[in-house]
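>>> just to be clear, the model below is a prediction. Sequence and coordinates:
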Amino acid sequence: MTLPRTCRKWVLAEPLTDGIIRPDNFALLEEPLPELRDGQALVRTRLINLHSRTRLKMSAMAVGETDLANYGLAEIVASRDPLLPEGAHVHWQLAWQDWQVISREEKPIGYAPPTAATRALNHTDAPMNYVLRDQIAKGWPADTVMHVFGTSGTTALLGLRRCGPVLARDKVLVAAASGSVGSIAAQIARAKGAYVVGLAGGEDRCRWVVETLGIHACIDYRAPDLEAQLLAAFPDGIDLFCDGVGGSLTALVAPLIAKEGRLFSYGSSASFYGGEPRGTGNGLRGAFGITPEIEALCEARAIRIECFIVFDHYDERLSLEDELAIMLQAGTLKSLTQVTHGFENLPQAVTAMYERPHSGKAQVQFEG
């Protein structure tokens with residue numbers, strides 16, 4: 001194929017006003033692609049995931065900058081690195097552009113460097129940058145690859161492993177059950193035989209959660225009697241709370257966790273979507289809404305807290321992928337995505353993510 005000499009790239013055209021993203025905050029540029037050097041490869045981006053953190057990142061970007069840190073699926077079309085072979089597919093941190101030059105020496109953006117074990121597995125200097133196995137990259141559609149086998153699926157499965165084993169007798173509550181991680185965590189817990197209740201926003205979304213995920217019930221987290229509904233659903237307490245929301249929801253639910261229960265905390269979407277302030281102090285636990293009061297409560301009730309970034313444990317990636325593949329093949333796990341098609345529609349996709357509710361993983365597919 002004839003290789004391109006330029007790439008198209010979306011950049012910030014003007015700063016956000018009052019934290020609101022509009023299509024006119026984006027501008028489309030075309031710029032030359034650099035010549036490949038030894039150790040580099042040229043990739044064509046197929047699909048990127050959109051993250052709830054995008055608005056926060058855009059608020060910190062300068063005019064003319066692009067978001068460099070999207071988790072994306074790309075195909076290698078030319079290479080000067082034998083470990084990045086032509087025709088292979090990569091999971092990589094990618095910019096808002098259709099073609100990109102990559103290198104295994106790139107450092108992670110926004111995350112710690114990989115552990116020695118993860119670096120040995122991936123042969124890269126960033127835990128999220130690696131060549132996908134053909135069985136994964138070519139065995140499922142691009143949106144499934146980036147949802148189930150990307151950070152959402154691996155976060156859900158690893159968290160449940162570390163908070164597990166999840167047993168049939170367990171009573172599990174999943175926050176943001178219609179979200180990218182929550183929808184997978186709820187399905188995995190249900191497949192283990194547990195009693196699973198989700199939390200979602202509104203009657204329609206709760207109905208969607210129950211009918212789509214096959215779990216036992218779903219409660220509107222905005223209900224004025226939320227605590228009473230949770231007590232009714234979990235009269236003996238919650239054995240496992242899967243929490244990617246943080247903030248006031250975590251504070252409300254934590255006292256309802258049973259003694260010797262577990263709290264799996266993996267995010268803080270309340271601060272990204274709902275406008276609640278992010279926690280401060282106490283490292284990752286504080287950022288995810290584990291306040292000193294919640295720490296003290298959990299310690300007094302022997303509640304185990306698992307709070308982590310999945311990339312810190314990506315030396316387990318292959319076994320996570322294998323287990324997720326088995327569940328997909330068995331039909332006990334569904335990939336739930338909201339895909340916007342077309343590179344040219346990226347601004348609308350980012351804007352829509354904050355304007356109206358969506359279920360599953362929000363993604364932009366650049367091409368087939």
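Received, thanks.
>>> packing partners of the helix or strand harbouring residue 78?
Using DSSP states H and E, the element containing residue 78 is strand 70-79. When contacts are defined as 3 or more C-beta pairs under 8 Å, 6 or more residues apart in numbering; DSSP states H and E, strand 70-79 packs onto strand 40-49, strand 89-94, helix 142-148. Glycine gets a C-beta too; all of them are placed from N, C-alpha and C.
>>> in JSON lines: these, plus distance to residue 357 and mean pLDDT.
Listed next are those as JSON lines, based on distance: least, C-beta to C-beta, whole Å; pLDDT from 0 to 100:
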{"stretch": "strand 40-49", "distance to residue 357": "18", "mean pLDDT": "98"}
{"stretch": "strand 89-94", "distance to residue 357": "26", "mean pLDDT": "98"}
{"stretch": "helix 142-148", "distance to residue 357": "17", "mean pLDDT": "98"}
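>>> dump those into a markdown table; add distance to residue 284 and mean neighbour count as well.
Shown next, in a markdown table, are the helices and strands packed on strand 70-79 (distance: least, C-beta to C-beta, whole Å; neighbours: other C-beta atoms under 10 Å):
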| stretch | distance to residue 284 | mean neighbour count |
| --- | --- | --- |
| strand 40-49 | 21 | 23 |
| strand 89-94 | 20 | 24 |
| helix 142-148 | 23 | 24 |
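>>> what's the closest of those to residue 165?
Across the helices and strands packed on strand 70-79, residue 165 has its closest neighbour in helix 142-148 (20.8 Å, C-beta to C-beta).
>>> using PDB, write down the CA coordinates of the closest one.
The C-alpha trace of helix 142-148 is given here as PDB (Å, rounded to 0.1, in the frame of the first residue of the first chain):
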ATOM      1  CA  ALA A 142     -12.600  -3.900  17.400                       C
ATOM      2  CA  ASP A 143     -15.100  -2.500  19.900                       C
ATOM      3  CA  THR A 144     -15.100  -5.700  21.900                       C
ATOM      4  CA  VAL A 145     -11.300  -6.000  21.900                       C
ATOM      5  CA  MET A 146     -11.000  -2.500  23.400                       C
ATOM      6  CA  HIS A 147     -13.800  -2.900  25.900                       C
ATOM      7  CA  VAL A 148     -13.600  -6.500  27.200                       C
END
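>>> and after that helix, which helix or strand comes next?
helix 151-162.
>>> how about that next one: buried residues?
Burial within helix 151-162, assessed by neighbour count using 16 or more other C-beta atoms under 10 Å, is assigned to 151, 152, 153, 154, 155, 156, 157, 158, 159, 160, 161.
>>> and of those residues, the nearest to residue 177?
For those, the nearest to residue 177 is residue 156 (11.3 Å; C-beta to C-beta).
>>> can you pull the contacts of the closest one?
Counting by C-beta atoms under 8 Å, 6 or more residues apart in numbering, residue 156 touches 181, 182, 184, 185, 188, 242.
>>> how far does stretch 299-315 stretch from start to finish?
For stretch 299-315, the first-to-last residue distance is 29 Å (C-alpha to C-alpha, to the nearest Å).
>>> I misspoke; the intended subject was stretch 247-264.
Start-to-end, stretch 247-264 (C-alpha to C-alpha) is 14 Å.
>>> try stretch 242-262
Using C-alpha to C-alpha, the end-to-end distance of stretch 242-262 comes out at 9 Å.
>>> buried residues, that stretch. List them.
Within stretch 242-262, the residues that qualify as buried are 242-247, 249-250, 253-254, 256-258, 261-262, counting by 16+ other C-beta under 10 Å.
>>> again, but for stretch 123-136
Neighbour counts using 16+ other C-beta under 10 Å place 124, 126, 127, 128, 129, 130, 131, 132, 133, 136 of stretch 123-136 among the buried residues.
>>> one more: stretch 204-215?
For stretch 204-215, by 16+ other C-beta under 10 Å, it's 205, 206, 208, 209, 210, 212, 213, 215.
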